[in-house]
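**Q** pasting the sequence and the predicted coordinates here, then a few questions.
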Amino acid sequence: MPFVKKAEAISKLVELLDSTRSREVVDFLISSSLLPQFISNTQKLVRLEDIWTLSQVIAYLSTDDILTNEDRNLFYKGKPTHLRIGLTTTIELNESDFRRPPEFAAAVRNLMNFVGQSDIVKDKQSEQMSYIGALSLETSSLLVDEYAKRQIERLARCSSIRSSQFANTAYYMGSKRNLSAFLVEALIEYTTSSSIILDLMCGSGASAAAFSRNWQTVASDAQSFCRLLAEVQGGGYSVERAEKALDKILPLARQHSQQMRKWVDEFIGWEDQVFHSDIAGTALDEYRRLIDSYPTYPDGQRHGNWDPLLEVSRRKSSPKKKPFCLFTAYFANIFFGIRQCVEIDSLRFAISQLDLEEDRRWALGALVSAVSVVGTTYGGHFAQPIIRSSASVTPNNIGRIVERRAMSVLHEFSIRLISLAQESERSFYPILTVPGPWKDALDTFKQKFDNMDVVVYLDAPYKREEYSRYYHVLETLVLYNYPTSIGVGRMPDKSAGERFQSEFFRRNKSDVENAFIDVITNVLACADTCAWSYSDNGDADIVSVCDQIEKRTANKISSYAIPYEHKALGSQSSKAVKEYLIIFHK
């Protein structure tokens, strides 16, 4: 069923419902996001399929012969205070759109669908219960009561995931953590308990973490650190194992740090003196002198025993040569303090010495998390350092810089590994991973999970951004391969194939849309369902992409939408957007 203009949608409802209240009904459904509205070439459009899905329940709201006097006054100019669903159920609408929880639209849509498709009768005394967010639900149906309680239990599993695990990663990786309950509730209508979710471009792993509380989940990404972050947000690990791993890691890391001090001991002492000085005194001048004196790769300078150019050249062909010194050579005084870099290199070495691959991966995931937290960055991304030279340190920012760079990586790593293990014990399923890019992932996944009930979740980049430059430090931490180091961000050279380039990094809008069409059609060739996350702030036109998919496949399209706030890369300000989940299904 195609996209239609709002006026046509109202006409269609008049046909379906024979109601004079169709305009008010459509206005309410759109304003509450129960009926998603799309903007394409300045036109406001809705999908006929979405209207048809809701029409059975809308009939209860619009057909005069079954409405009470209270119901007849439900729709009026302005927003209603209650939503009547069928003859048995009412939801209070006492909050504004942006104060309602993100899962509101999906949960209420599903409840409306359930009422419309089931034989719902009044079979108990009407009772009120707490529903989602601060909303309340009142029903006189046992079936509705049981369905709503299953929703609440499902959403509680999502909200129990600790949002503090990865701190700064949310801003530059487009994290779906705050949308996880919305995604789970929307997908529940297209899955069974035996379904497998493939998170095809998993990013920070936040969506995979939520999926793993409900279904067997597989995560993929072209970036190694993304797959790692997804894996360590699933089940299968324990606090006991984490504690045993720490007992091995921390002594090895401290021994390694002592080896590193033969090169940079003078600088660490200098840095400690600055960090413990009166910031209002000579600390600023001393820190600038320290930054000017400290050599980094590939500048070619040397100070005392520290020659980063020489040490890196020795490790280009042998990255596992001891001691590990990649971060100390590449990123000290740029994204991290000197002591912090020594701690990162030392932890990376110690983790590599663990006997079991699973322990190494969970510990490395915790280290990626810790490094993302302690970095001196813009909003958590590593594309451009705040400190490019000693002149970048000013009276206005030195306090914040010192506070961040005085943080202990050893401490942050330890608490995150334990936290991840605690979360893992509460998760239903481990998160399996397959390497990207997405075409490789689909091939691998199909071989392993052929003829199974599969839903592919697609959260591709919204913007024509070269996202690999925003998290190259984290990818380098995982690969630990002493790559080239170019520009102010000390990035691996993309032209040398050292940094991933996405097909969504296109300047032409039609090329971006064609990239989405290519991915989605390939997904639908090997899976019955594809769930595509996108925003009205994205570079592609959702309507254009969906129209092309409809022409090329036999799949139906359903949609969910919620008002949301996006935070720009490196910015503290937010932008109001509409977040969509477009579901292509049989």
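**A** Alright, I've got the coordinates.
**Q** so I39: helix, strand or coil?
**A** Going by DSSP: H, G, I helix; E, B strand; the rest coil, the secondary structure assigned to I39 is strand.
**Q** how near is it to K6?
**A** I39 sits 11 Å away from K6, going by Cβ to Cβ, to the nearest Å. For every residue, glycine as well, the C-beta is placed using N, CA and C.
**Q** next, show the common contact partners of these two.
**A** L45 (Cβ atoms under 8 Å, 6 or more residues apart in numbering).
**Q** of these two, which one has the most company?
**A** Using other Cβ atoms under 10 Å, the more surrounded residue of I39 and K6 is K6, with 17 against 13.
**Q** do I have it right that the more buried one meets K44?
**A** Yes - taking contacts as Cβ atoms under 8 Å, K6 lies within contact range of K44: 5.4 Å.
**Q** which residues are in contact with each of those two?
**A** By Cβ under 8 Å, 6+ apart, K6 and K44 have these common neighbours: Q37.
**Q** for the helix ranked longest in the chain, name the packing helices and strands.
**A** As assigned by DSSP state H, the longest helix anywhere in the chain is helix 239-275. Packing partners of helix 239-275 (3 or more Cβ pairs under 8 Å, 6 or more residues apart in numbering; DSSP states H and E): helix 283-293, helix 326-330, helix 338-352, helix 357-374, helix 398-405, helix 409-426.
**Q** mind checking which of those is nearest G203?
**A** Nearest to G203 among these is helix 357-374 (12.6 Å), distances taken as Cβ to Cβ.
**Q** three-state assignment of L198?
**A** strand.
**Q** any idea how far it lies from W215?
**A** Distance of L198 to W215, computed by Cβ to Cβ: 10 Å.
**Q** next: L250.
**A** Counting by Cβ to Cβ, the gap from L250 to W215 is 36 Å.
**Q** likewise for P101?
**A** For P101, the distance to W215 equals 21 Å [Cβ to Cβ].
**Q** between those two, which is the more surrounded one?
**A** Taking neighbours as other Cβ under 10 Å, P101 and W215 compare with W215 leading, 22 against 19.
**Q** that one: what's it in contact with?
**A** T191, S193, S195, I196, I197, Y429, V455.
**Q** highest neighbour count among those?
**A** I197 (28 neighbours).
**Q** which residue sits closest to that one in space, ignoring its chain neighbours?
**A** Distance criterion Cβ to Cβ, 6 or more residues apart in numbering; nearest residue to I197, sequence neighbours excluded, is F211 at 4.4 Å.
**Q** now that neighbour: phi and psi?
**A** Per-residue torsions, F211: phi -60, psi -40 (degrees, to the nearest 10).
**Q** how about the strands in the stretch 101-250 of the chain?
**A** 127-130, 136-139, 196-199, 216-221 (DSSP state E, counting those that start in this stretch).
**Q** which helices and strands sit right next to the helix or strand containing K446?
**A** K446 belongs to helix 438-449 when assigned by DSSP states H and E. Where contact means 3+ Cβ pairs under 8 Å, 6+ apart, helix 438-449 is packed against strand 196-199, strand 216-221, strand 431-435, helix 509-524.
**Q** now with 6 Å?
**A** When contacts are defined as 3 or more Cβ pairs under 6 Å, 6 or more residues apart in numbering; DSSP states H and E, helix 438-449 sits against strand 431-435.
**Q** adjacent strands (with direction) for the strand it packs on?
**A** strand 216-221 (parallel) (DSSP bridges).
**Q** how about the contacts of W215 in CSV, adding pLDDT and distance to C325?
**A** Shown next, in CSV, are the contacts of W215 (pLDDT from 0 to 100; distance: Cβ to Cβ, whole Å):
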residue, pLDDT, distance to C325
T191, 95, 48
S193, 90, 49
S195, 94, 46
I196, 96, 42
I197, 96, 40
Y429, 93, 39
V455, 96, 44
